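Colleague: sharing a model prediction with you, sequence too.
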Amino acid sequence: MNRIIERKITFDEKANGVCETLFHNANGYIGVRNCLEEGAPDTWDTMRGTYINGFYDVIPMKQAEALCGLVEEKETMLNIVDIQTIMLNVDGVPFDMEKGTVLKNTRILDMDAGTTTRVTRLRMTDGKETEITVKRMASFGQLNLFLMEYSVCACNYSGDIEITSCHIADVRNYTNPNDPRLAAESLKNLSVQETLEDKEQSFITCKTQNSGLSVCTAVAHELSQEAESELVKSGEGSYEYVLSKTLEQGEVFTVTKYCIFADSIRNTGVLRTARNDLDTVVNNGKDYYYEAQKRYLETFWNHSEVVICGDDAVHLAMSYNLYQLLQSSGKDGRCNVAAKGLSGEGYEGHYFWDTEMFILPFFTLTNPQVAKALLSYRYDILPAARENAKILGHKKGALFPWRTINGKECSGYFPSGTAQYHINGDIAYAVISYYLTTGDLDFIRKKGFEILLETSRVWMDLGNYCKKGFVLNDVTGPDEYTCMVNNNYYTNCSAKYGLHWTTKIYRILKENGGVEEINARLSVGDDELQTMEKAADAMFLPYDETLGINPQDDSFLEKPIWDLAGTPKEHFPLLLHYHPLTLYRYQVCKQADTILAYFLFEKEQSRDVMQRSYEYYEKITTHDSSLSTCVFSIVASRLGMQKKGIDYLGDSTKLDLENTHENTKDGIHTANMGGCYMAVVNGFAGLRVTQEGLSLHPFLPEKWESYSFRICFHDRLLKILVEKEQVTLVLVDGEQISINVYGQNVLLTKEQKRQ
Ligand code: BGC
């Protein structure tokens with residue numbers, strides 16, 4: 001099946017930023033936006049960024065009123081360096097798309113090779129036609145390697161070319177003071193500590209102002225033919241590698257640029273590591289890494305591809321989305337997945353609940369090692385989460401930050417930030433799903449149970465009993481247009497689930513050994529767990545008798561309904577046009593909230609209640625958040641509304657590729673990408689993983705001929721193929737296993753396929 005995306009690009013101001021995002025190269029560690037090598041014209045939209053996952057500085061975030069416990073500083077992902085600038089002159093005339101006539105301009109993303117390619121052919125002002133081809137790769141095998149191969153063809157002339165390849169550490173972060181989803185202040189928080197040039201290789205070490213981190217970037221070049229070359233120090237923190245060469249008509253000249261990153265989070269001597277790694281990669285040569293990249297991706301697709309026959313556009317978009325999840329996700333346990341991956345500076349590189357509720361499910365089912373690394377990151381920030389809980393007045397437990405890089409709460413506006421306590425339930429949910437899908441009790445023993453216990457302790461401290469039952473007051477649910485409410489349905493379901501599972505897992509540990517050590521380490525015992533079980537049983541879940549639906553919270557249905565039909569089109573997303581308090585006073589939702597609860601905690605309600613609620617919330621949801629349509633798709637499919645399931649999936653799959661939210665220039669929407677996966681696997685195929693095992697309830701969308709996907713379940717690799725008349729299950733690898741399909745248990749053995 002095709003996994004190559006090709007775009008012919010007519011350049012305009014807007015398309016440029018989107019293209020930089022869509023074709024960025026990343027590997028979970030580094031990310032480089034696909035900017036024009038020669039630089040974009042001043043008036044064009046551009047964000048010339050290169051990022052390292054988890055590399056940040058701390059900057060002040062002054063609150064106008066210094067109320068107790070408010071966050072006064074935040075972590076922000078830094079733009080590290082510019083290694084992508086390469087300028088070309090032909091007989092003294094610059095290669096400049098604004099000045100010449102563009103004859104061809106394409107970008108290609110090859111998701112099997114793991115590379116992007118730009119081809120631009122220009123008739124320059126003096127009539128000479130020059131074509132550049134630029135291949136880029138962020139290596140999955142060697143995470144700190146970024147490779148560029150820049151080729152020049154003198155199409156219709158012989159002449160002198162000069163290539164200037166830059167290494168610039170004098171960079172700033174992007175800013176947009178008019179958009180709350182971006183940083184308001186332009187940062188230049190890296191200062192040059194040390195530079196070094198050796199054998200025409202350049203090394204620049206920079207350090208952050210406040211977080212105490214440093215990073216060394218190193219650059220080396222390799223030429224396809226001999227040429228005159230010189231490395232020039234062009235500024236305090238910048239180098240230029242200048243090449244001159246005479247090209248005959250039709251001749252192609254290629255310069256390969258090896259860029260290495262070494263940061264002090266992962267390395268002790270950053271310069272030493274950079275020098276060693278640069279030597280290694282130059283010795284191994286580019287082909288070695290291209291081959292390794294292909295092999296890596298072969299394994300990736302082998303475990304995780306979703307093949308859709310009968311709708312090529314959705315198939316390709318799905319592949320694109322899964323590929324972006326791979327590009328975005330931290331794999332070393334030291335970092336996580338930013339809301340925009342490593343593709344841009346939207347949300348400042350912060351990690352949200354997006355990871356656990358939208359992205360992790362894909363990895364848990366296809367690549368549990370990555371899921372484990374992402375959960376281990378959460379485990380490692382437990383000390384900061386405990387600190388956060390204390391600031392919020394909790395005597396015990398850990399409250400995970402709503403948005404963070406290194407563990408500290410970074411949300412400046414607590415009503416739609418810190419108040420989203422559901423993040424505790426989301427992380428607990430992800431731990432439980434990981435356990436149910438893998439059976440990895442060792443992880444639970446060492447890390448998982450502690451996360452469950454500490455998050456549950458906060459529920460116990462936050463909640464109280466009243467005549468309604470156990471209630472959770474003054475929290476914000478997922479819907480950010482309704483803040484600071486009592487008994488948000490989603491939050492209460494999530495807390496209930498977490499509390500129940502904390503006690504269940506404790507019992508499992510008791511049966512399987514290791515609980516004594518846990519008791520001692522975490523000062524826990526039967527008494528505490530009994531109080532949790534009791535609170536879970538007594539958890540209040542709002543229900544409205546008159547409408548027969550679950551209100552989003554205690555007061556939700558008392559508010560007037562926002563007139564969505566009468567709201568001008570240009571007033572969306574509402575958050576950019578209305579004061580938050582205006583929005584809070586209406587029944588209007590930014591995103592799925594109660595509907596998400598129906599996907600995750602479906603046993604709490606009857607189908608009728610879910611159906612009525614679905615219809616109710618659908619009318620008042622704007623989907624201003626990209627985390628919304630995918631959830632509406634999943635729940636529609638589960639409730640048997642197949643057409644809606646398909647239509648909402650359609651909205652989700654094209655969100656970035658067609659820039660439907662008009663902010664793809666700031667970065668991809670990773671949560672939505674994970675949501676697309678769930679819409680097919682959990683929605684169309686009805687996949688559920690529970691204590692009883694794996695079950696499926698598939699349907700085939702009308703226009704599709706078939707779809708298939710692969711998942712890992714308890715050390716098995718399974719393939720599920722859904723066709724018109726039949727569902728075929730294949731045990732690709734591992735021991736026989738029983739799976740429930742349409743309510744029937746089927747035993748899947750290696751020898752036989754099950755239909
Ligand atoms: C959504 C949040 C999400 C955040 C980052 C916001 O617009 O409302 O649910 O976590 O974006 O993606």
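Modeller: Perfect, I can see it now.
Colleague: which bits of the protein sit near the ligand?
Modeller: Residues of the chain lying near the ligand by CB under 6 Å from any ligand atom: A339, Y347, F352, W353, D354, P478, E480, K590, Q591, S625, L627, A671. The C-beta positions use only the backbone N, C-alpha and C, and glycine is treated the same way.
Colleague: change it to 5 Å
Modeller: By CB under 5 Å from any ligand atom, the residues of the chain that approach the ligand are A339, F352, D354, E480, S625.
Colleague: wasn't the fourth one part of a strand?
Modeller: No - looking at E480 with DSSP: H, G, I helix; E, B strand; the rest coil, it is coil, so not inside a strand.
Colleague: give me the pLDDT value at it.
Modeller: With respect to pLDDT, E480 has a value of 98.
Colleague: that one contacts Y413, correct?
Modeller: No - look at E480 against Y413 with CB atoms under 8 Å: they stay out of range, at 9.8 Å.
Colleague: who's more crowded, these two?
Modeller: E480 (22 against 17; other CB atoms under 10 Å).
Colleague: what's the nearest residue to that one if we skip its chain neighbours?
Modeller: Distances taken as CB to CB, 6 or more residues apart in numbering put S416 closest to E480, at 4.3 Å, once the chain neighbours are dropped.
Colleague: quick check: the one you found vs A274, distance?
Modeller: Counting by CB to CB, to the nearest Å, the gap from S416 to A274 is 40 Å.
Colleague: between the two, which has more neighbouring residues?
Modeller: Using other CB under 10 Å, the more surrounded residue of S416 and A274 is A274, with 27 against 22.
Colleague: buried ones in stretch 95-111, by neighbour count?
Modeller: Of the residues in stretch 95-111, those buried by neighbour count under the rule 16 or more other CB atoms under 10 Å are F95, D96, M97, G100, N105, R107, I108, L109, D110, M111.
Colleague: try stretch 549-559
Modeller: In stretch 549-559, counting by 16+ other CB under 10 Å, buried: I549, N550, P551, Q552, D553, D554, F556, L557.
Colleague: quick check: the farthest pair among the residues you listed?
Modeller: Largest separation among the buried residues of stretch 549-559 by CB to CB: I549 and D554, giving 13.8 Å.
Colleague: among the buried residues of stretch 549-559, which one sits closest to the ligand?
Modeller: Comparing the buried residues of stretch 549-559 against the ligand with CB to the nearest ligand atom places Q552 closest, at 14.3 Å.
Colleague: how about the residues of the chain next to the ligand in CSV, adding secondary structure?
Modeller: Formatted as CSV, the residues of the chain next to the ligand follow (three-state DSSP):
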residue, secondary structure
A339, coil
F352, coil
D354, helix
E480, coil
S625, coil
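Colleague: let me see the contact set for L365.
Modeller: Applying CB atoms under 8 Å, 6 or more residues apart in numbering, one finds that L365 lies in contact with T437, V681, L687, V689, I711, C712, F713.
Colleague: wait, I meant N367
Modeller: Residues near N367 by CB under 8 Å, 6+ apart: F300, H303, S304, C712.
Colleague: next: I391.
Modeller: Taking CB under 8 Å, 6+ apart, we find I391 in contact with G69, E409.
Colleague: phi, psi for it please.
Modeller: Backbone geometry at I391, expressed as degrees, to the nearest 10, gives phi -60, psi -40.
Colleague: can you tell me how far it sits from the ligand?
Modeller: 21 Å (CB to the nearest ligand atom, to the nearest Å).
Colleague: again, but for V270
Modeller: With CB to the nearest ligand atom as the criterion, V270 and the ligand are 31 Å apart.
Colleague: same question for L322.
Modeller: L322 is 18 Å from the ligand, by CB to the nearest ligand atom.
Colleague: quick check: that residue touching M673?
Modeller: Yes - under the criterion of CB under 8 Å, L322 makes contact with M673 at 7.4 Å.
Colleague: neighbour count: the two, which is higher?
Modeller: A direct count of neighbours by other CB under 10 Å for L322 and M673 places M673 higher, at 29 against 24.
Colleague: and that one, what does it touch?
Modeller: For M673, the contacting residues are N321, L322, Q324, L325, I359, D656, by CB under 8 Å, 6+ apart.
Colleague: recalculate using a threshold of 10 Å.
Modeller: The contact partners of M673, by CB atoms under 10 Å, 6 or more residues apart in numbering, come to 317-318, 320-325, 328, 341, 354, 358-359, 362, 626, 630, 652-653, 655-656.
Colleague: same question for G645.
Modeller: Shown in contact with G645 (CB under 10 Å, 6+ apart): 632-639, 679-680, 683-684, 699, 701.
Colleague: could these be laid out in JSON lines, adding pLDDT, neighbour count and secondary structure?
Modeller: Converted to JSON lines, these look like this (pLDDT from 0 to 100; neighbours: other CB atoms under 10 Å; DSSP: H, G, I helix; E, B strand; the rest coil):
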{"residue": "F632", "pLDDT": "98", "neighbour count": "30", "secondary structure": "helix"}
{"residue": "S633", "pLDDT": "98", "neighbour count": "31", "secondary structure": "helix"}
{"residue": "I634", "pLDDT": "98", "neighbour count": "28", "secondary structure": "helix"}
{"residue": "V635", "pLDDT": "98", "neighbour count": "30", "secondary structure": "helix"}
{"residue": "A636", "pLDDT": "98", "neighbour count": "23", "secondary structure": "helix"}
{"residue": "S637", "pLDDT": "98", "neighbour count": "28", "secondary structure": "helix"}
{"residue": "R638", "pLDDT": "98", "neighbour count": "21", "secondary structure": "helix"}
{"residue": "L639", "pLDDT": "98", "neighbour count": "17", "secondary structure": "coil"}
{"residue": "A679", "pLDDT": "98", "neighbour count": "29", "secondary structure": "helix"}
{"residue": "V680", "pLDDT": "98", "neighbour count": "27", "secondary structure": "helix"}
{"residue": "G683", "pLDDT": "98", "neighbour count": "29", "secondary structure": "helix"}
{"residue": "F684", "pLDDT": "98", "neighbour count": "27", "secondary structure": "helix"}
{"residue": "F699", "pLDDT": "98", "neighbour count": "16", "secondary structure": "coil"}
{"residue": "P701", "pLDDT": "96", "neighbour count": "20", "secondary structure": "coil"}
